Structure formats: C-alpha cells, structure tokens
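>>> Coordinates only, no sequence provided:
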C-alpha cells in the first residue's frame, strides 16, 4: 500500500516559454502539469550520485583496473571479465 506524503504548496517564477513547453509535455504524457513537474524534479534529485558512486565513477574513468574483454564468444567474454 502506498504511503501518502504531505504536500506543501509553493510558488516558482518560470518563463512563459518554459511553462508552455512543460504544459505540452504533460499533456503528451496524459498527466497534470503539477505531477509532471514533480516527477521531473524528483528524478533530477534522485540522480545525484552519493559518495560511493562518485568514487566508483572516478575509479572506472581512471582505467586503473581496465583489462581486455574477449568478445569472440559468450564463454570467452565471461572468462575475460572474471
């Protein structure tokens, strides 16, 4: 069962052009403007990586543990990733 979260009314100043684009996008997704904007904002906040993820991204980009992946077959690929 879903938990109902208390909502607070707030006011933002948006350009008319942006507001028109948001309304059009909400209509195209068959959603209210409020729901559409709330979901966009929630997704933006949820996508902020935590410290562990940031460290993993830096490690991956450094190439320190990079190896070669054999794509000649599925078995070879799995073995080269171990």
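That came through, no problem. Please read these numbers as outputs of a predicted model, since none were measured by experiment.
>>> distance of the residue lying farthest from the centre of the chain from residue 66?
Centroid-distance maximum for the chain: residue 72 at 33.0 Å, with Cα atoms, centre = their mean. Separation of residue 72 from residue 66 (Cβ to Cβ, to the nearest Å): 19 Å. Placement of C-beta: from N, CA and C, glycine included.
>>> ditto for residue 80
Shown here: residue 80 relative to residue 66, a distance of 12 Å by Cβ to Cβ.
>>> Could you check which of the two has the larger neighbour count?
The residue with more neighbours, out of residue 80 and residue 66, is residue 80; 13 against 9, by other Cβ atoms under 10 Å.
>>> so is the more buried one in a helix, a strand, or just coil?
For residue 80, the assignment made with DSSP: H, G, I helix; E, B strand; the rest coil gives helix.
>>> any idea of the pLDDT on the residue nearest to it when sequence neighbours are not counted?
Counting by Cβ to Cβ, 6 or more residues apart in numbering, residue 80 lies nearest to residue 70, which is 4.2 Å off, once chain neighbours are set aside. Residue 70 is assigned a pLDDT of 80 by the prediction.
>>> Burial check on residue 70, number of neighbours?
13.
>>> which residues touch it?
76-77, 79-80 (Cβ atoms under 8 Å, 6 or more residues apart in numbering).
>>> Quick check: of these, which lies closest to residue 39?
Closest to residue 39 out of those is residue 77 (37.1 Å), distances taken as Cβ to Cβ.
>>> quick one: what helix or strand has that closest one in it?
Taking DSSP states H and E as the definition, residue 77 sits inside helix 74-81.
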